[in-house]
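In: Fold the stuff below for me.
(chains A and B)
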Protein chains: 2
Amino acid sequence: MSSAQPHRAAEVSEWDAQADVVIAGYGIAGVCAAIEAARSGADVLILERTGGWGGAAALAGGFVYLGGGTPLQQALGFDDDAANMEKFLLAAVGPSADPVKIADYCAGSVDHYHWLVDCGVRFKEEFWGEPGWEPPHDEGLMYSGGENAAPFNTIATPAPRGHVPQMQNKRTGEKGGGYMLMKPLVETAEKLGVRVEFDTRIQRLIVDEGGRVVGVLARRYGKDLAVAARTGVVLATGSFAYNQEMVAEYAPRLLGRPAAAIEEHDGIGIQVAQELGAQVEAMDATEVAFFGDPQMLARGVVVNGRGQRYIAEDTYPGRIGQATLIEQDNQAFLIIDEQAHEAALATVTATPFFRQQPTWVAESIAELESEIGLPAGSLQESVSYYNEHAALGADPLLGKKPEWLKPIGSPVAAFDMRGFTAGFPLGGLRTDLDARVLDTAGAPIPGLYAAGRCTAGICTGGYASGASLGDGSFYGRRAGRSAARG
Amino acid sequence: MSSAQPHRAAEVSEWDAQADVVIAGYGIAGVCAAIEAARSGADVLILERTGGWGGAAALAGGFVYLGGGTPLQQALGFDDDAANMEKFLLAAVGPSADPVKIADYCAGSVDHYHWLVDCGVRFKEEFWGEPGWEPPHDEGLMYSGGENAAPFNTIATPAPRGHVPQMQNKRTGEKGGGYMLMKPLVETAEKLGVRVEFDTRIQRLIVDEGGRVVGVLARRYGKDLAVAARTGVVLATGSFAYNQEMVAEYAPRLLGRPAAAIEEHDGIGIQVAQELGAQVEAMDATEVAFFGDPQMLARGVVVNGRGQRYIAEDTYPGRIGQATLIEQDNQAFLIIDEQAHEAALATVTATPFFRQQPTWVAESIAELESEIGLPAGSLQESVSYYNEHAALGADPLLGKKPEWLKPIGSPVAAFDMRGFTAGFPLGGLRTDLDARVLDTAGAPIPGLYAAGRCTAGICTGGYASGASLGDGSFYGRRAGRSAARG
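Out: All right, here's what the predicted structure looks like:
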């Protein structure tokens, strides 16, 4: 039988610890749940399986996807409102985006910004407008989902929503945005008297006769601990990125390519809840990174295994990753001429990979095509078509912005970017707007709450950077309040 | 609480019916389970929610995907063996095909052919070699998965494996292949003394104190019936194609486009088992039909919303459907010149849709491109590239077979085929090779068996026609034997 099966409360002879609210996981969702539960008057205990707080969040770039007219957006001159943000998200994070959750998230976004700032999170009033994964310094705002690229720039008014907590020594890798998001939140929780047990991993939920979750069975240094939760248990244990079986079952395209996740993301939160009949959703949805330098991509053309362009190269690289992995069989080649390659290398965000010798170099596209082994004539057609229109400042095929359109000249190179994708799954427990875990019939499981990447959040297909720290913190707060209420 | 939750045996005051093996659903999986259970000596009772046998199977074209060197393949001169069949399936029905189940299915395929024939199923010794969905008459064998098209014709030795039971009056729509498959199987079951209760729909599983499935709670004419199963319950209730909520959750691309399924496919079998902790798998996988006349497709070119070709047009149309819906945002246009259009219309399988006026007609590709509204120059590039190589009998881009390559001339037409896809989900309960339903930890749920489209079968992404009647009958037999054994 499953090792994640619920344990009966009647079988607990002695409780090793007690609290009103017990939270599994001390990452972004866990800390936000802890703060709000404590502020609601609850005695809160966090169980964290590692030796310290942070989770995947503290290692992340730190984007929080916020909008609708935050003070930071306003200060930097960007118009946005909840309806505009909603329009973008509905278009970008499908195919089965939950309109109710998205509307809720957008409507609460400005308030959530203030909440984070009140907890001590700092966003520097500076905008970074270049293509890229993250700002190079400590800039506080950036496009992080392709809002200003085709096709979304014609669907909603472009507004940057990637809010990055101000970093320390970004270039040396210390104290990144994710750390600077977590630190003030952890300090806030500590001040509120939140207790933590480290090195303690949950194993099962404990349920009473009526099926209500009343605690968790955890393990520390080889010993079982029964921990009672008087009002509620919050699962905040992260994704299933490192559970190979679950990845194989639900999101097989990610097999062998986990990224932006930590080894602790083993799906345990999903498993223990499923044993109580919890519903899961969007289990096939994935965030997909593409290991291409965005400055390089924007200046070249990206083609698939048939030598065809398939996505505007100046969009959010996560969109390029998704399109490449899901729609192009993970086949991608970057075609870039010498001049553009050098221009990209001269940018402040240039990445080491592209300083290497390109995979192929040639004097002509025909030669390059044959060296790569693309179908005869295919790349020549694609590039001549691109060049013809680029010379006129247009990209009728994909709508790349005029500033990046320049005919591809000679000498020309190609980088082999097949398989250059990695990511993490976005699916998980189905929760309602109060972060209650729902069963397969849609009813809340009494006493059980969840947030963060062990739940299906606002992204159920597409992705924008900051959506996970965004919905993790947003619904983490809800989970804390709901669990305190009981 | 869920209406599909298990019912406790202790709460059953009186059993309304009893059998050794109780089977829910009288389609292909149900009838095969019944036959094998009865042959194992069990007293068998089928509960069928409609007023008659047949399920989706009796309405289907009737393909059973069989190979490895069946007598029919041999009689018609096709070489095949289990390893070759396995090679094809592993390449074609991913992305996460289960290699163990596929090997098992291929190894047992010839035996399964004999079993069907022994039950009275007839396959006519005639091959139909044209592109199409089904044979036009009562031919018994056809390519049904793109085995003879790119890229599979270079991966495995092409062998047709779509075995069609001999039909009566195919052209008038009477007694199709699916009916002619079901009829002898139902007669076989009847002769073995299998009992049936029609108009009886299952609602919940009944479990004893130890968690073993010991019966089902069903409903007939507004009355609850408790039906005891002494050795096992077999779920054979079909897919979740007509459960909108489940489709939205698991396979959202199919929303609003169910096909090749029946309204009774409401996911009940999956739901009642999930309430007992059953694992599901491949829930996002779908069969996708493309409503294009294959003779028409093979003679033209199919392009996406960017005017680019993306699939060899002479392949299994189900592959065109999957590629269109999943990889091309459901955007497809068939470009065909007048001469090719007329040639296709003259074939015996020509379909009414293409007898209509094409959506657009033009004298030149440039004109057609602008009428369709494709990106300026995109279609012209694609067609000129295609024509150049077609004139030499080659398709370097996609490998369409030389017999279908002919430069596209003038006048030329386009059929708007955006959204011309529909299908059914392939995901469902996870079962082992003995058709035992597995829980989320991989352990069998005692007393519970399943087969057919309420389970994840051999196809977990790609598809071949005949795979559902194939694995439904194959593992239906296993389910019957296992359930009789208890």
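
In: that's a helix at A:Ile102, yeah?
Out: Yes: with DSSP: H, G, I helix; E, B strand; the rest coil as the criterion, A:Ile102 is located in a helix.

In: list the contacts for it?
Out: A:Glu86, A:Leu89, A:Leu90, A:Val93, A:Ile458 (C-beta atoms under 8 Å, 6 or more residues apart in numbering or on different chains). All C-beta atoms are positioned from the backbone trio N, CA, C, and that covers glycine.

In: Nearest to chain B within the stretch 351-486 of chain A, name that residue for me.
Out: Nearest residue of the stretch 351-486 of chain A to chain B, counting by C-beta to the nearest C-beta: A:Ala441, 3.1 Å away.

In: low-confidence ranges in the stretch 101-250 of chain A?
Out: A:169-174 (pLDDT under 70).

In: Get me the contact residues on it for chain B.
Out: A:Ala248, A:Glu249, A:Tyr250 (C-beta under 8 Å from any C-beta of the partner chain).

In: Restricted to buried residues, select those in PyMOL.
Out: In PyMOL syntax, the buried subset of these is picked out as below (16 or more other C-beta atoms under 10 Å in any protein chain shown):
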select buried, chain A and resi 249+250
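
In: Going by distance to chain B, which of the residues of the stretch 101-250 of chain A next to chain B wins?
Out: Closest to chain B, out of all of those and judged by C-beta to the nearest C-beta, is A:Glu249, at 5.0 Å.

In: Could you report the neighbour count for A:Leu426?
Out: By other C-beta atoms under 10 Å in any protein chain shown, 28 other residues sit near A:Leu426.

In: Without its sequence neighbours, what residue ends up closest to it?
Out: Using C-beta to C-beta, 6 or more residues apart in numbering or on different chains and skipping the chain neighbours, the partner closest in space to A:Leu426 is A:Ala285 (4.1 Å).

In: So the one you found sits against A:Ile458, correct?
Out: No: look at A:Ala285 against A:Ile458 with C-beta atoms under 8 Å: they stay out of range, at 10.9 Å.

In: So the two - more neighbours on which side?
Out: Higher neighbour count among A:Ala285 and A:Ile458: A:Ala285, with 27 against 23, using other C-beta under 10 Å.

In: List the residues that contact the more buried one.
Out: Taking C-beta under 8 Å, 6+ apart as the test, what A:Ala285 contacts is A:Ala251, A:Pro425, A:Leu426, A:Gly427, A:Ala456, A:Cys459, A:Thr460, A:Gly461.

In: Please apply the same query to A:Asp416.
Out: A:Phe333, A:Thr359, A:Trp360, A:Ile372.

In: A:Ile336 bridge partners, please.
Out: A:Ala413 (DSSP bridges).

In: And for it, the neighbour number?
Out: For A:Ile336, using other C-beta under 10 Å, the count is 24.

In: Roughly how far does it sit from A:Ala346?
Out: A:Ile336 sits 14 Å away from A:Ala346, taking C-beta to C-beta, to the nearest Å as the criterion.

In: which stretches of the stretch 301-450 of chain A form helices?
Out: A:317-322, A:338-345, A:365-372, A:378-390 (DSSP state H, counting those that start in this stretch).

In: Distance check, A:Pro411 against A:Gly476.
Out: 52 Å.

In: Neighbour count for these two, which is higher?
Out: A:Gly476 (33 against 15).

In: What helix or strand is the more buried one located in?
Out: Secondary structure from DSSP states H and E places A:Gly476 in helix A:467-485.

In: Which positions within that helix qualify as buried?
Out: Quick answer for helix A:467-485 (16+ other C-beta under 10 Å): A:467-484.

In: And for stretch A:197-215?
Out: Counting neighbours by 16+ other C-beta under 10 Å, stretch A:197-215 gives A:Glu197, A:Thr200, A:Arg201, A:Ile202, A:Gln203, A:Arg204, A:Leu205, A:Ile206, A:Val207, A:Val213, A:Val214, A:Gly215 as buried.

In: ok, A:Gln74 - how many residues close by?
Out: Quick note: A:Gln74 (other C-beta under 10 Å) scores 12 neighbours.

In: The one 4 residues further on now?
Out: When neighbours are defined as other C-beta under 10 Å, A:Phe78 has 20 of them.
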